[in-house]
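All I have is the shape, not the residue letters:
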């Protein structure tokens, strides 16, 4: 299996939509959950509403993540960008503003390829690229605890972040805020 990770750009929008349109378990979101003002009514939103919100982000030049290609086909996605642009995220976790901190907020791996270590591969490739870009601090927000349903892993599994060197900076019974200092990140 050949793997390639590409930083999201205008040229890859078709691949983003191809991945999200075919994945019925998560595709309806179009990775706009953190861009919407609040959680009230989130589950009532339609795929069309979310697609329009994503289209608006692209119109504004917001290409906020990375795509994973499996055998030259889009098979994974991770939302990544400056943390403070997502006011809902900052509010939910009571985060102090920090324009230097970036956030990894969502993962989507094609269900046919799950449980093969691809989310971990994608994460490592992203961290390598962010370090090259001069990003210093990155945070992640996985669910925490045992018996987490696969549908609730959209923030990424806690284990991949811990294996990559993230440490806990905020904890509650259901979610963690993890962080890594990329100046110390070494493969």
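Noted; the coordinates are in hand. Quantities reported herein were computed from a predicted structural model and do not represent experimental measurements. Residues are numbered from 1 along each chain as shown.

helices and strands of the chain: which one has the lowest mean pLDDT?
Least confident helix or strand of the chain, by mean pLDDT, DSSP states H and E, is helix 13-22 with a mean of 88.

Go through that helix and flag the buried ones.
15-17, 19-20 (16 or more other CB atoms under 10 Å). Where C-beta positions appear, they are placed from N, C-alpha and C, glycine not excepted.

what's the angle from the next helix-or-strand element following that helix to helix 13-22?
Downstream of helix 13-22, the first helix or strand assigned by DSSP states H and E is helix 47-59. With axes from the mean of the first three to the mean of the last three CA atoms, to 10 degrees applied, the angle from helix 47-59 to helix 13-22 works out at 160 degrees.

Residues touching helix 47-59, excluding its own?
10, 13, 17, 27-32, 35-36, 64 (CB atoms under 8 Å, 6 or more residues apart in numbering).

and if we set it to 7 Å?
13, 28-32, 35-36 (CB atoms under 7 Å, 6 or more residues apart in numbering).

can you list the residues you listed in a markdown table and add distance to residue 69?
Output for the contacts of helix 47-59, formatted as a markdown table (distance: CB to CB, whole Å):
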| residue | distance to residue 69 |
| --- | --- |
| 13 | 15 |
| 28 | 22 |
| 29 | 21 |
| 30 | 19 |
| 31 | 17 |
| 32 | 22 |
| 35 | 24 |
| 36 | 28 |
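
Sounds good, over and out.
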